[in-house]
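In: Sequence below, structure please.
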Amino acid sequence: MATMEDIAKKVGVSKGTVSKALNGAADVSETLRKTIVETAVELGYTRARRGAVRTLCIFIENMGYTRPEDFGTDIVTGFRQMAEPAGFDVRVVDLNTDLERSVPYDAYMLREGYIGALFLGLSLNDPWMRDFRTSHTPAVLYDNIVPANPTVATLGMDNNEAIGRAVAALYALGHHRIGYLSSALGSHIYQVRYKSFFNALRQNGLPDDPSLAGVSYFSSETLDTHLPRLLEQGVTAILCSSDLLAHTVMIRCQELGLQVPRDLSIVGFDDLPFCAHTAPPLSTIRQDRLQLGKSGYYALQSLLEGVPISSLLLHAALVLRASTGPAPEKAPAR
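Out: Sure, this is the predicted structure:
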């Protein structure tokens, strides 16, 4: 375990100067502060180990969290409900790639005085995803995974179980040809859901032809190319990787003259607040976001205490509403 004395010795300054640099004192030059922080990171020094401060951070990217209906709102609330009574200060930071490129993760955390963090909305291409392979500052990644680093944990739902339940429910309603529509597979979780869908098809003895899935970054391609292709193949139900996508697909199907669920059943993922108020109300896989936030704190607390937790997955709930029903006797008209 590196100490301030170790840092001071390597840089050739006093322990007091190291302390000032790490705590943002104005009488330490930026050049020297940068050298001290980089040396601290190199030696594996973390504030978490020293217990110098008790400030945790929630980094958020590509996810709303300011309005009640935003996906991240309840996650932040749940985390705070656990962390703040335990004596931690919690800061929420909007993350972007410019910040990530400007400073390594460990160096940023040392500079700002954060001892651990929960990350929401990271993509596989984020620069700090590479840092997490060797970082020392505890981090919990929602819907992302970094193997073999005992200071980084994964938080999320058991997507394989959740999608398996959705496909089994559709199969029980008589749907024997089920399709899948997804946003681009640029995130770990969309890759997991894609693979889980085909696993679920095989588990239920259903056709698992890759052509039963459509993946695109652009909603226009999903609606104009992939959706018609699935309908041409005779699918009677479509599972979508998100509620927003599922709602968009449902509207397009209605514009095409299809009745949901008489002609086609649709299931989303997340159970955002609007799902109960669509026409018809949208069936979906519910993520308990408040519990996700609380579990994010549990995972981070474990890492801070030296428990090398790898992953924490919650059970999801399947919420069947009026957008799903028995399979039609004939495939929907094109």
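
In: low-confidence ranges in the stretch 201-334 of the chain?
Out: The model of the stretch 201-334 of the chain has pLDDT under 70 over residues 331-334.

In: any idea where the helices of it begin and end?
Out: 219-221, 227-232, 243-255, 289-304 (DSSP state H, counting those that start in this stretch).

In: do you know which of those helices lies nearest T39?
Out: T39 lies closest to helix 289-304 among the helices of the stretch 201-334 of the chain, at 22.9 Å (C-beta to C-beta). (Each C-beta comes from the backbone N, C-alpha and C, glycine too.)

In: Not counting its own residues, what contacts the closest one?
Out: With C-beta atoms under 8 Å, 6 or more residues apart in numbering as the test, helix 289-304 has contacts from 48, 56, 71-83, 86, 115-118, 138-140, 142, 151-153, 155-157, 309, 312, 314.

In: What of stretch 133-141?
Out: With contact meaning C-beta under 8 Å, 6+ apart, stretch 133-141 is reached by 41, 44-46, 48, 105-106, 109-110, 114-119, 122, 132, 146, 148-149, 151-155, 296, 299-300, 303-304.

In: For that stretch, the averaged confidence score.
Out: The average pLDDT within stretch 133-141 is 95.

In: still on that earlier bit, just put the helices of the stretch 201-334 of the chain in JSON lines and tack on distance to D263 and mean neighbour count.
Out: JSON lines is the format used below for those (distance: least, C-beta to C-beta, whole Å; neighbours: other C-beta atoms under 10 Å):
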{"stretch": "helix 219-221", "distance to D263": "21", "mean neighbour count": "12"}
{"stretch": "helix 227-232", "distance to D263": "9", "mean neighbour count": "18"}
{"stretch": "helix 243-255", "distance to D263": "8", "mean neighbour count": "19"}
{"stretch": "helix 289-304", "distance to D263": "32", "mean neighbour count": "21"}
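
In: okay if I get those helices as TSV plus distance to P261?
Out: As requested, the helices of the stretch 201-334 of the chain are exported to TSV (distance: least, C-beta to C-beta, whole Å):
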stretch	distance to P261
helix 219-221	22
helix 227-232	14
helix 243-255	10
helix 289-304	26
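
In: Out of these, flag the one nearest L173.
Out: Comparing those against L173 with C-beta to C-beta, the closest turns out to be helix 243-255 (16.6 Å).
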